[in-house]
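Undergrad: quick one: sequence and predicted model below, then my questions.
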Amino acid sequence: MEKIIGREFEYQQLNECIKSLRSEFVIVYGRRRIGKTFLIRNFFSDTYDFQFTGTRNMPPKKQLERFAKALQKFSKSQFAPELKDWYDAFDSLQDYLESLPKDKRKIIFIDEMPWIDSPKSVFVNALESFWNSWAAMRDDIVLVACGSATSWMTDKLIENQGGLHNRITRKIYLRPFTLKECRQYLKNKRFAWNDYQIVQCYMVLGGVPFYYSLLKPNMSFVQNVDYLFFKDGGVLKDEFNELYNALFPFADRYIAVVRALSSKREGLTRSEVVKVTKISGGGLSQILDNLEKCDFIKGYKKFNSATKNTIYRLTDFYTFFYFRFLEKSPDDDEYWTHVADTPKVYAWQGYTFELVCMMHTSQIKQKLGISGMATSVSGWRSNSGNVNTQIDMLIERSDRTINVCEMKFSLGPYVIDKDYEKKLLDRNAIFKSEVRTNKTLNITFITVYGVFRNEHSAIVQSEVTAEDLFA
């Protein structure tokens, strides 16, 4: 099986489950395509005492028939059991597991669990009964539950207020790869790309391992983008609808929200989302919550402001790329080759580099030497009606200092001219006046290759480069 990159902490958690002296109910969850199943298969070497994968949009009767077939296979029985409902299914699973040797741990892997739980299927109730009345009473069961619908995994299992309340023994949440992990993956696949190209790739694919597995090392970055997105039959050309429809019921409402967020690089408050989408109330709260749980959006608090003024930003790189270039792209197999050096792409790179930085705040704090310090990351917009100014990232520190972060993507060292120096000074003055802070403001530039030294660069007090984001 292919070598796994990163995931050391997750591997450690699974290893502790095997060595544990109790039964373990393990939840592995995270965004679709993030590598959950690959992690489990790699760790257990595809060796389970029972394994079953739910199927999307399959009726409960058919799911039960497939579960019965899986029981027949693993138990090496001549016949598949007849299962009336999920209580029957878990009773049969229990009978089979009790027939196994008592001196070994029994590994049960149920993948895509949210797809099993169709309306009125009583799947969760039967799972509760199986765990509470039998598995938890033993010390030899490892039940691994996996699913891409992170909102379902959270609501029905982790935050369950019924029979599974506080029954989950370990929660393993797989986040997207960092830049460092992407570089490790590409190096392992014999790519000869430099850090600049890897950052460009991250702007398109984010840190989703499955997308990186589709890249071709014999092609340039630009050629790979054409190959995956724009050529006829490109693997990721039609990924968008599959992605949202597989995760969310009434996916069109979720798509409406991410579309609205994609139109504003600085993000939107909840009231602004309501205004654009016409979706409001509890329905919008659930959509925003589910999108955030699945790593598609992130809510950033506004500096010195209440929760209701949270600024929501689209953080899924693939989704943003889709709306900017793929949704209405011309029929051109080499579209990216033709537009890669155009103002439209430069503008997109400016936004997405900001997003890359916001996904790597721990690396930024490490470079600034404040990793061990209490900090709070936020954004800010001016409240003045006649002044349009904002700061996308503020790092407020316990030493009464605020790093005011400027994130700039460029082909060489970033040049600060006289006008831009004045703009920064004016903006800081407005910020201090509006938020009424006496804390020290530290102007921090996060760039690809650093800041060009001239008579205006002295305004920069701290620097972070793309190389530091790979820490």
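TA: Received, thanks.
Undergrad: pLDDT weak spots in this structure?
TA: 1, 306-308, 383, 385-387 (pLDDT under 70).
Undergrad: try 80 this time
TA: 1-3, 304-309, 383-388 (pLDDT under 80).
Undergrad: contact partners for Glu214?
TA: No Glu there; residue 214 is Leu. Leu214 makes contact with Leu228, Val235, Leu236, according to C-beta atoms under 8 Å, 6 or more residues apart in numbering. C-beta coordinates here come from the backbone N, C-alpha and C atoms, glycine included.
Undergrad: export the host helix or strand of Ile287 as PDB, just CAs?
TA: Here Ile287 is covered by helix 281-293, with elements defined by DSSP states H and E. Presented in PDB, the C-alpha positions along helix 281-293 are these (Å, rounded to 0.1, in the frame of the first residue of the first chain):
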ATOM      1  CA  GLY A 281     -33.000  31.900  10.700                       C
ATOM      2  CA  GLY A 282     -32.100  28.400  12.000                       C
ATOM      3  CA  GLY A 283     -31.700  27.100   8.400                       C
ATOM      4  CA  LEU A 284     -28.800  29.500   7.800                       C
ATOM      5  CA  SER A 285     -27.300  28.800  11.200                       C
ATOM      6  CA  GLN A 286     -27.300  25.000  10.400                       C
ATOM      7  CA  ILE A 287     -25.800  25.600   7.000                       C
ATOM      8  CA  LEU A 288     -23.000  27.900   8.300                       C
ATOM      9  CA  ASP A 289     -22.300  25.400  11.100                       C
ATOM     10  CA  ASN A 290     -22.200  22.400   8.800                       C
ATOM     11  CA  LEU A 291     -20.000  24.200   6.300                       C
ATOM     12  CA  GLU A 292     -17.500  25.200   9.000                       C
ATOM     13  CA  LYS A 293     -17.500  21.600  10.400                       C
END
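Undergrad: with adjacent residues omitted, what lies nearest to Phe177?
TA: With C-beta to C-beta, 6 or more residues apart in numbering as the criterion, Phe177 has its nearest non-adjacent residue at 3.5 Å, and that residue is Gly207.
Undergrad: what does Glu421 give?
TA: Nearest to Glu421 is His456, by C-beta to C-beta, 6+ apart, at 4.2 Å.
Undergrad: that neighbour contacts Tyr414, doesn't it?
TA: No - His456 lies out of contact with Tyr414 (C-beta atoms under 8 Å); the separation is 11.2 Å.
Undergrad: where's the residue nearest to Phe177 relative to Leu100, distance?
TA: In this view, Gly207 and Leu100 are 39 Å apart by C-beta to C-beta, to the nearest Å.
Undergrad: same deal with Phe409?
TA: For Phe409 relative to Leu100 (C-beta to C-beta), the value is 56 Å.
Undergrad: who's more crowded, those two?
TA: More crowded of Phe409 and Leu100, by other C-beta atoms under 10 Å: Phe409, with 23 against 15.
Undergrad: the closest residue to that one other than its chain neighbours: neighbour count?
TA: The shortest distance from Phe409 to any non-neighbouring residue, by C-beta to C-beta, 6+ apart, is to Phe353 (3.5 Å). Other residues lying near Phe353 total 23 when counted by other C-beta under 10 Å.
Undergrad: against which helices or strands is the strand or helix carrying Phe353 packed?
TA: If you go by DSSP H and E, Phe353 is part of helix 343-358. Packed against helix 343-358 by the contact rule (3 or more C-beta pairs under 8 Å, 6 or more residues apart in numbering; DSSP states H and E) you find helix 195-205, helix 317-321, strand 390-397, strand 401-408.
Undergrad: among these, which is nearest Ile27?
TA: helix 317-321 (24.7 Å; C-beta to C-beta).
Undergrad: contact partners of the next helix or strand after that closest one?
TA: Counting by DSSP H and E, the element after helix 317-321 in chain order, helix or strand, is helix 335-339. Helix 335-339 is touched from outside by Val222, Gln223, Val225, Asp226, Phe229, Phe230, Phe325, Ser329, Asp332, Val345, with contacts defined as C-beta under 8 Å, 6+ apart.
Undergrad: likewise for stretch 108-116?
TA: Stretch 108-116 is contacted by residues 37, 40, 44, 48-58, 63, 93, 97, 123, 141-149, 152-153, 156-157 when judged by C-beta under 8 Å, 6+ apart.
Undergrad: all set, thanks.
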